[in-house]
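Student: quick one: sequence plus predicted model below, questions after.
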Amino acid sequence: MSTKPTTTDLEWTELDQRAVDTARVLAMDSVQKVGNGHPGTAMSLAPAAYLLFQKLMRHDPSDADWTGRDRFVLSPGHTSLTLYIQLFMAGYGLELADLKAFRTWDSKTPGHPEHGHTRGVETTTGPLGQGIANAVGMAMAARYERGLFDPEAPQGESPFDHTIWAIVSDGDLEEGISAEASSLAGHQKLGNLIALYDDNHISIEGDTATALSEDVLKRYEAYGWHVQRIEQAPNGDFDVQALYAAFKAAQAETERPSIIAARTIIAWPAPNAQNTEASHGSALGDAEVAATKKVLGFDPEQTFQVEDAVFAHVRQVVDRGAEAHAAWDKRIQQWRQANPERAADFDRINAGELPDGWEKAIPVFPAGKDVATRKASGEVLKALGGVIPELWGGSADLAGSNNTTIDASSSFLPEGNPLPEAHPYGRTVHFGIREHAMGSTMNGIALHGNTRIYGGTFLVFSDYMRPAVRLAALMKLPVTYVWTHDSIGLGEDGPTHQPVEHMAALRAIPGLNMVRPADANETAIAWREITKRHTTHPAPHGLALTRQNVPTYEANEGVAKGGYVLFEAEGGRPQVILIATGSEVQLAVEARTALQSEGIPTRVVSMPSVEWFEEQDQAYRDGVLLPDVKARVAVEAGIGLTWHRYVGEAGRIVSLEHFGASADYKVLYREFGLTSEAVVEAARESIADVNRR
């Protein structure tokens, strides 16, 4: 473990210190004005954030989306003022009025940073641990991006080399997801990732000794990280010279991710509130704010005080950012001249466009052959991988079951890994048995840009991913989840592995599009639609796929609209509509045959995606689910919560309202009443109910 660095080339002036103290004052005033928030950590972290934005990071406030920029992730999102104040100082578009509107309606400064809402915010943080996992994903994406466009360049000499900076807290490192993600980062030797650990010993319940006693740096050393610790300055503040030197040492370490632990005092230098849990999540109070301003040499009668000299000083970063951007432009131009084909790929990918003719690679499956949708998905993925180089991904140690190996000869693994298929720019990602981290690193990969990521596990383990999935939906990130073993159809593994409630629970997440295809052709068309939507309708998508074989029907473009008429009624207008998804579509088709033989005209609607269907206009939806046909049956091998709004008062739902069991899937379907006979009986009941009304 490194100790306090002894050398530094940092120029630190009185104006720099005044700017840091100004940030502390702004943090206090912002929270005091609204009456709630988290001032303490923003006060103590002010020197570290200032160092990053003013002295270390490569960024351009005039172009927040510049490809060549470093990324900054504030994992403890509750201290959002740490970021907002630096964005204000650096000229990202926030002004004093925005700080004064902190945590209020329609402001640019919500309680936690929100990507897409505030310019310069790289990711939405708040749930602790998510941010550090996002940063790991960004570091992975940076390496893959380099492999796409400039793999031969020496380390540090490519225009695609940049650093992912993160600030993490005790809370982040206590959350289990940070262990998953940090283990993965160490295994991947992500030397482009640097984290500052704010070791302030404070949590909401008081001293962290209430819940934490491990040696965090030894843990990270065991993960394979480069670790350093810096001590406080004699006055209790950050030793900025030591911190700067530690950051530079971390930048020089390119073979391992780095973490720097800094013992800080929360709410420093507030005379009475410092080092208290109250300062974590409460306004300091007028008297304490005034006393702290006196300590810092500010007028206690003024609020939101920013001196002209300080403002002019911090805004110089705009010019420095423009200079860095201009230097990068020269390097990228030289790269373009030397790599015209890769440059063309970069322009296409950066614009969110797909290669010409990519759709022709998607297979069409012959009708009549039984194929598991997970197998069909694997074939589509391999086909897409052959024509879309930016597409990559893998699974949480379930590739053989999920069929998520896009290229068996190329694994995304660092130099030095002993596996023969290991390559630092490989296509297939081995996330390990880390579903939660997989979800959040996928978010980081999507946020980084210039690649397309997917990840797989069993549908039942989407529970482990749910916080990350929710944030993907909140941020409208185009990530794709390959969730297989989608029902009791997985059979003998039993109820612990059989996802009964998961489809309904996932459909409850706003902005997440769930797709449960009925067969191989629906699976292929679903992949095509998801691929198209990456840029035009960015959102996370979950594919729920079967373990067992299911019949293949003729391909139908209605899949892309979420729901469509798979088989029309014969002999007149439909008397009943059967709605089904996934492996239960075959039950609806069999039931239709029986009902038609009884002279009951029956329409079968396949609805692989409720969300896509709801996007369609009313005329289309009414054309599929005829409003005057009140007799309806929905069938799905899970709880029926989704389907009440579609079947109406006279409709019936053939579903599974309890956990499964361990047996052959055909036995389970029979014993639990998921049969074509049950669908026929439900249809008769619905028709009779309509006739009684």
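Tutor: Alright, I've got the coordinates. Numbers count the residues shown, from 1 in each chain.
Student: CA only for contacts and neighbour counts going forward, please
Tutor: Will do.
Student: part of a helix, is residue 195?
Tutor: No. Counting by DSSP: H, G, I helix; E, B strand; the rest coil, one finds residue 195 to be strand, located in no helix.
Student: so it touches residue 173, yeah?
Tutor: No. Using Cα atoms under 8 Å, residue 195 is not in contact with residue 173, being 11.3 Å away.
Student: neighbour count winner among those two?
Tutor: residue 195 (25 against 19; other Cα atoms under 10 Å).
Student: beta-bridge partners for that one, please?
Tutor: Beta bridges link residue 195 to residue 166, residue 259 when assigned by DSSP bridges.
Student: let me see the contact set for it.
Tutor: Contacts for residue 195 (Cα atoms under 8 Å, 6 or more residues apart in numbering) come out as 165-168, 258-260.
Student: how close does the nearest residue to residue 301 once chain neighbours are set aside get to residue 471?
Tutor: Nearest residue to residue 301, sequence neighbours excluded (Cα to Cα, 6 or more residues apart in numbering): residue 290, at 7.5 Å. The gap separating residue 290 from residue 471 is 38 Å, by Cα to Cα, to the nearest Å.
Student: what about the residue nearest to residue 301, how many residues close to it?
Tutor: 22.
Student: do the one 3 residues further on as well
Tutor: Counted with other Cα under 10 Å, the burial measure for residue 293 works out to 23 neighbours.
Student: just to revisit the earlier point, which of the contacts of residue 195 lies closest to residue 47?
Tutor: Nearest to residue 47 among the contacts of residue 195, counting by Cα to Cα, is residue 167 at 12.3 Å.
Student: for that closest one, give its distance to residue 201.
Tutor: Residue 167 is 15 Å from residue 201, by Cα to Cα.
Student: got the contacts of residue 195 as CSV, with pLDDT columns?
Tutor: As requested, the contacts of residue 195 are exported to CSV (pLDDT from 0 to 100):
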residue, pLDDT
165, 98
166, 98
167, 98
168, 98
258, 98
259, 98
260, 98
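Student: wait, doesn't residue 217 sit right on residue 261?
Tutor: Yes. Residue 217 lies in contact with residue 261 (Cα under 8 Å); the separation is 7.5 Å.
Student: so which of those two has more stuff around it?
Tutor: Set residue 217 next to residue 261 and count neighbours by other Cα under 10 Å: residue 261 wins out with 22 against 19.
Student: so the more buried one touches residue 230, yeah?
Tutor: Yes. If you go by Cα under 8 Å, residue 261 and residue 230 touch, sitting 6.4 Å apart.
Student: follow-up on the earlier one: so what sits against both of residue 217 and residue 261?
Tutor: By Cα under 8 Å, 6+ apart, the residues touching both residue 217 and residue 261 are 227-228.
Student: buried residues in the helix or strand containing residue 249, which are they?
Tutor: According to DSSP states H and E, residue 249 maps onto helix 240-252. Buried residues in helix 240-252, counted by 16 or more other Cα atoms under 10 Å: 240-247, 249-251.
Student: equivalent analysis for stretch 16-24, please.
Tutor: Within stretch 16-24, the residues that count as buried by 16+ other Cα under 10 Å are 16, 18-24.
Student: all strands for the stretch 201-350 of the chain, in order.
Tutor: Applying DSSP state E, counting those that start in this stretch to the stretch 201-350 of the chain gives strands spanning 202-203, 206-207, 226-230, 258-263.
Student: among those strands, which is nearest residue 630?
Tutor: strand 202-203 (56.5 Å).
Student: so which other helices or strands are in contact with that closest one?
Tutor: helix 170-174 (3 or more Cα pairs under 8 Å, 6 or more residues apart in numbering; DSSP states H and E).
Student: elements contacting the helix it packs on?
Tutor: Helices and strands touching helix 170-174, as assessed by 3+ Cα pairs under 8 Å, 6+ apart, comprise strand 193-199, strand 202-203.
Student: so which bits of the following helix or strand past that helix are buried?
Tutor: Sequence order places helix 176-188 as the next helix or strand after helix 170-174, per DSSP H and E. Buried residues in helix 176-188, counted by 16+ other Cα under 10 Å: 177-188.
Student: related to what we said a few turns ago, surely the residue nearest to residue 301 and residue 303 touch.
Tutor: No. Counting by Cα under 8 Å, residue 303 is not a contact partner of residue 290; they are 9.7 Å apart.
Student: keeping just the C-alphas, turn the host helix or strand of residue 444 into CSV.
Tutor: Using DSSP H and E, residue 444 sits in helix 435-448. Provided in CSV are the C-alpha atoms of helix 435-448 (Å, rounded to 0.1, in the frame of the first residue of the first chain):
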residue,chain,number,x,y,z
GLU,A,435,-26.1,-10.1,-11.8
HIS,A,436,-26.5,-6.7,-10.0
ALA,A,437,-23.1,-5.5,-11.1
MET,A,438,-23.8,-6.7,-14.6
GLY,A,439,-26.9,-4.6,-14.7
SER,A,440,-25.1,-1.5,-13.5
THR,A,441,-22.0,-1.9,-15.5
MET,A,442,-24.2,-2.3,-18.6
ASN,A,443,-25.7,1.1,-17.6
GLY,A,444,-22.2,2.5,-17.5
ILE,A,445,-21.3,1.0,-20.9
ALA,A,446,-24.4,2.5,-22.4
LEU,A,447,-23.8,5.9,-20.8
HIS,A,448,-20.2,5.9,-22.1
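Student: which SSE is immediately downstream of it?
Tutor: strand 452-458.
Student: now that next one, how far from the centre of its chain.
Tutor: Remark: strand 452-458 is offset 11 Å from the chain centroid, using Cα atoms, centre = their mean, to the nearest Å.
Student: which secondary structure elements does it contact?
Tutor: Against strand 452-458 (3+ Cα pairs under 8 Å, 6+ apart) you get strand 391-395, helix 399-402, helix 435-448, strand 480-484.
Student: what's the average pLDDT for that strand?
Tutor: For strand 452-458, mean pLDDT rounds to 98.
Student: contacts for it, please.
Tutor: Strand 452-458 is contacted by residues 390-399, 402, 404, 435, 438-439, 442, 445-446, 478-486, 497 when judged by Cα under 8 Å, 6+ apart.
Student: strand partners of that strand, parallel vs antiparallel please.
Tutor: Checking strand 452-458 against DSSP bridges gives partners strand 391-395 (parallel), strand 480-484 (parallel).
Student: contact partners of the top helix by length along the chain?
Tutor: Ranked by number of residues, the top helix in the chain under DSSP state H is helix 316-338. Helix 316-338 is touched from outside by 54, 58-62, 68, 90-91, 159, 342-343, with contacts defined as Cα under 8 Å, 6+ apart.
Student: of the residues you listed, grab the buried ones for ChimeraX.
Tutor: Buried members of those can be picked out in ChimeraX with the line below, counting by 16+ other Cα under 10 Å:
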select :54,58,59,60,61,62,68,90,91,159,343
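Student: can you add secondary structure and give the contacts of helix 316-338 back as CSV?
Tutor: Putting the contacts of helix 316-338 into CSV (three-state DSSP) gives the following:
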residue, secondary structure
54, helix
58, coil
59, coil
60, coil
61, coil
62, coil
68, coil
90, helix
91, coil
159, coil
342, helix
343, helix
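Student: nearest residue to the middle of the protein?
Tutor: residue 443 (2.4 Å; Cα atoms, centre = their mean).
Student: that residue contacts residue 137, correct?
Tutor: Yes. When contacts are counted by Cα under 8 Å, residue 443 is listed as touching residue 137 (7.0 Å).
Student: did I read that right, residue 650 in a helix?
Tutor: No. Per three-state DSSP, residue 650 lies outside any helix segment and is coil.
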